[in-house]
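Undergrad: Here is my input, please return the structure:
(one chain, ligands or ions: 1)
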Amino acid sequence: MSGERAELFRELRNYLIFLRDNGYSEIPVQVSPEIMSKKLPPPSVPQPQSTSAQPEISGTSPAQLLSQVREELGDCTRCKLSQGRKTIVFGSGNPDARLVFVGEGPGADEDEQGLPFVGRAGKKLTEIIEKGMELNRQNDTYICNIVKCRPPGNRDPEPDEVGACKPFLLKQLGAIRPKVIVALGKPAASTLLGRTVKITQERGTWHEYAGIPLMITFHPAYLLRFYTIENRKAVHEDMKKVLVELNK
Ligand code: URA
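TA: Okay, the predicted model is just below:
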């Protein structure tokens with residue numbers, strides 16, 4: 001099989017796994033004019049099992065799908081974080097990116113600007129992407145968080161807040177369907193893998209979310225706080241593995 005065909009099959013397989021994991025047992029198809037003219041009954045379009053965490057099938061491009069997700073999120077008041085936020089920080093970058101970074105939640109700068117990772121940790125993340133990986137943050141990546149509103153005092157998001165926001169994160173990932181996901185820190189990794197991740201043991205290892213390879217690495221804020229050669233080297237090594245996977 002040619003490399004291109006193998007890549008197509010891999011992407012198709014990942015998408016089917018994603019659909020299965022999100023409750024779909026059939027694939028909706030468009031009804032052709034020929035079928036309609038023969039007056040055959042149209043194929044039934046399966047209904048999602050629940051309204052949360054389902055990938056939207058109706059749009060075409062990742063950008064359209066993402067904007068549907070943003071529209072559905074609306075001026076969200078699904079959890080108590082909405083009470084103290086200034087701005088919903090949905091995500092930024094290229095909807096067609098092959099690489100998605102998932103962080104924890106907006107801080108003060110992000111809340112102010114409405115964009116993820118624009119504060120100190122964000123500058124470190126940009127440096128990792130642009131200097132370390134030699135990618136362009138805006139063109140080559142998409143960046144989002146588990147929760148879209150700032151937790152007060154930058155505390156960890158609480159389970160009910162993660163529960164309210166996670167469906168939108170999953171829909172974002174379903175819209176983009178990247179080749180690789182990087183979970184930044186324990187909360188992001190634990191949320192995506194659905195279990196408590198031991199970051200010191202599991203960083204630098206590959207996992208899977210909906211058939212998509214998922215790398216766990218340190219959150220840039222942790223890296224800034226514990227700015228040791230060892231930690232910097234660890235993140236560097238993790239990103240090298242990500243680049244190998246992206247270039248496969
Ligand atoms: N930390 C995060 O996890 N996300 C941001 O957007 C900013 C800081």
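
Undergrad: What is the neighbour count of the residue of the chain found nearest the ligand?
TA: Across the chain, no residue is closer to the ligand than Gly103, which sits at 2.9 Å (C-beta to the nearest ligand atom). For every residue, glycine as well, the C-beta is placed using N, CA and C. Gly103: 28 surrounding residues under other C-beta atoms under 10 Å.

Undergrad: what do you get for the one 3 residues further on?
TA: For Pro106, the number of neighbouring residues by other C-beta under 10 Å comes to 31.

Undergrad: so what's the residue of the chain closest to the ligand up against?
TA: 116-117, 121, 125, 143-146, 184-185, 188, 219 (C-beta atoms under 8 Å, 6 or more residues apart in numbering).

Undergrad: can we see that at 7 Å?
TA: The contact partners of Gly103, by C-beta atoms under 7 Å, 6 or more residues apart in numbering, come to 116-117, 145, 184, 188, 219.

Undergrad: Please name the bridge partners of it.
TA: Residues in a beta bridge with Gly103, per DSSP bridges, are Asn145.

Undergrad: Would you quantify the distance from it to Asn247?
TA: For Gly103, the distance to Asn247 equals 24 Å [C-beta to C-beta, to the nearest Å].

Undergrad: and if you look at Arg70?
TA: In this structure, Arg70 and Asn247 are 31 Å apart, going by C-beta to C-beta.

Undergrad: SS state for the residue nearest the centre of the chain?
TA: By C-alpha atoms, centre = their mean, the chain has its centre lying nearest to Leu173, at 4.2 Å. Under the three-state scheme (DSSP: H, G, I helix; E, B strand; the rest coil), Leu173 adopts helix.
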